[in-house]
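K.L.:
Just a sequence and a predicted model for now, questions to come.
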Amino acid sequence: MQMRFAITRIFCFFDNAIQLIARWLRTLSALLLFEPARSRLWYARPSIAALALLGIALLGAALDAAHAADLRLICPGDGSSVPVTEPMLEDQSTGLRTTFTDPQLKAVATETCSPGNVAGANSVVKITNKRDVSIFVSFTTSNHKQGPIIWGGGCEKLLPASASSAGAIGGVMIRKGVTCTAKVNNNAVSSRFCAALDRPPADCYNAQANHQTMVETIFEPGSNPGCFNKGYCVWFDISVIPSTCTDDLWKLNQCANTGGASYNLPVSVACGSKPVYTCQGPTSGKYGSANYPANCGNPDATCSGTPACLNAYFYPMFDPPENKYQPNTVCLGGQTLTLTFLPGQ
């Protein structure tokens with residue numbers, strides 16, 4: 001009798017353990033198999049992913065996997081009717097939600113909910129025209145082609161002046177007082193925005209030769225170290241560097257006779273709702289004969305981001321000590337990058 005009771009306890013223990021394992025695997029399978037829009041877990045956690053699906057197969061849990069299809073991962077900021085502050089699983093057939101008690105599953109779910117881990121994630125960019133006429137904007141990557149951008153509301157697509165040439169780059173017209181909203185793929189490639197008043201610039205990587213203000217960007221996925229585990233991000237700056245200007249020539253004569261400042265329109269750049277850099281004219285001899293804009297920060301400062309500090313690159317700033325306080329920063333956590341083209345010179 002005692003032996004039978006012991007055996008019964010053992011079978012109960014194993015039955016409960018199998019149920020717990022099956023439940024763990026069903027939950028994980030819901031993350032791996034039925035959240036394809038978010039799933040980069042095969043790259044981030046390949047061993048866990050493979051082990052979970054192997055476990056489902058070994059336990060004969062094909063029917064359980066079908067049940068897992070009813071489970072949906074709810075993330076903070078998903079816009080669900082009842083917001084959550086941490087990742088949860090929702091049974092779509094009953095509406096019941098369950099928190100993650102297993103620390104491994106919770107870590108996987110948290111990583112899945114990270115903005116930078118959404119497959120094909122794009123950064124939102126807003127371009128506002130505060131001038132009293134339309135402006136024409138282009139977005140170019142370092143290979144002299146149009147960058148991976150989806151122009152949305154407020155952006156009227158056009159072709160550049162060189163539309164008949166091979167590899168022509170399209171741009172947009174933004175009417176006065178209008179904000180253009182676009183999405184850029186986080187491909188970690190160097191890129192630039194530039195603008196003009198007559199037509200979309202053909203190539204923002206020729207902006208220096210055309211004396212056009214440059215907003216330089218690198219849109220990065222959250223997996224890149226430059227985003228500091230804060231979700232996807234964008235590094236950005238404003239540049240008015242003349243085409244052949246160098247650090248040595250700046251020290252010699254503030255880059256006189258190097259092509260003239262790359263400036264045509266005043267612009268400010270903000271991360272979220274916070275303006276970071278502002279560069280405005282008129283151009284003058286305040287900083288030498290290259291016709292730099294007069295209200296674009298102080299190129300001789302050792303700080304950045306305020307009117308008395310650096311707000312744009314006047315020269316490359318590759319050499320120390322200037323390279324320690326370059327006017328270049330990062331917008332973290334998937335915040336919106338906003339370019340505002342300002343009135344005036």
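P.N.:
It's in. Residues are numbered from 1 along each chain as shown.

K.L.:
Could you identify the longest strand within this structure?
P.N.:
strand 274-283 (DSSP state E).

K.L.:
For that one, buried residues please.
P.N.:
276, 277, 278, 279, 280, 281, 283 (16 or more other C-beta atoms under 10 Å). The way it works is simple: take the backbone N, C-alpha and C, and place the C-beta from them, glycine included.

K.L.:
got it, and stretch 130-150?
P.N.:
130-131, 135-141, 146-149.

K.L.:
go on, stretch 243-252?
P.N.:
Applying 16+ other C-beta under 10 Å to stretch 243-252 flags 243, 245, 246, 247, 249, 250 as buried.

K.L.:
Can you tell me the SS state at the last one?
P.N.:
Under the three-state scheme (DSSP: H, G, I helix; E, B strand; the rest coil), residue 250 adopts helix.

K.L.:
So which of the buried residues of stretch 130-150 are in strands?
P.N.:
Per DSSP E, the buried residues of stretch 130-150 map to strands at 135, 136, 137, 138, 139, 140, 141, 149.

K.L.:
Beta-bridge partners for the fifth one, please?
P.N.:
Beta bridges link residue 139 to residue 193 when assigned by DSSP bridges.

K.L.:
that older thread, strands paired with the following helix or strand past the longest strand of the chain, and their directions?
P.N.:
Under the assignment DSSP states H and E, the closest C-terminal helix or strand after strand 274-283 is strand 293-295. Sheet pairing of strand 293-295 (DSSP bridges) gives strand 274-283 (antiparallel).

K.L.:
which residues are contacting the strand it pairs with?
P.N.:
Here strand 274-283 makes contact (C-beta atoms under 8 Å, 6 or more residues apart in numbering) with 213, 236-238, 240, 261, 263, 266-270, 291-297, 304-305, 307, 311-312, 327, 329, 342, 344-345.

K.L.:
One more: stretch 204-216?
P.N.:
138-140, 142, 144, 190-196, 201, 236-243, 259-267, 269, 279, 328, 339.

K.L.:
how far is that stretch from where the chain is centred?
P.N.:
22 Å (C-alpha atoms, centre = their mean, to the nearest Å).

K.L.:
quick one: buried residues of it?
P.N.:
Result for stretch 204-216 [16+ other C-beta under 10 Å]: buried residues 204, 205, 207, 208, 211, 212, 213, 214, 215, 216.

K.L.:
what's the farthest-apart pair in those?
P.N.:
211 and 216 (16.0 Å; C-beta to C-beta).

K.L.:
and residue 328, how many neighbours?
P.N.:
Neighbour count of residue 328, defined by other C-beta atoms under 10 Å: 18.

K.L.:
For it, give me its contacts.
P.N.:
Applying C-beta under 8 Å, 6+ apart, the residues near residue 328 are 216, 235, 236, 237, 313.
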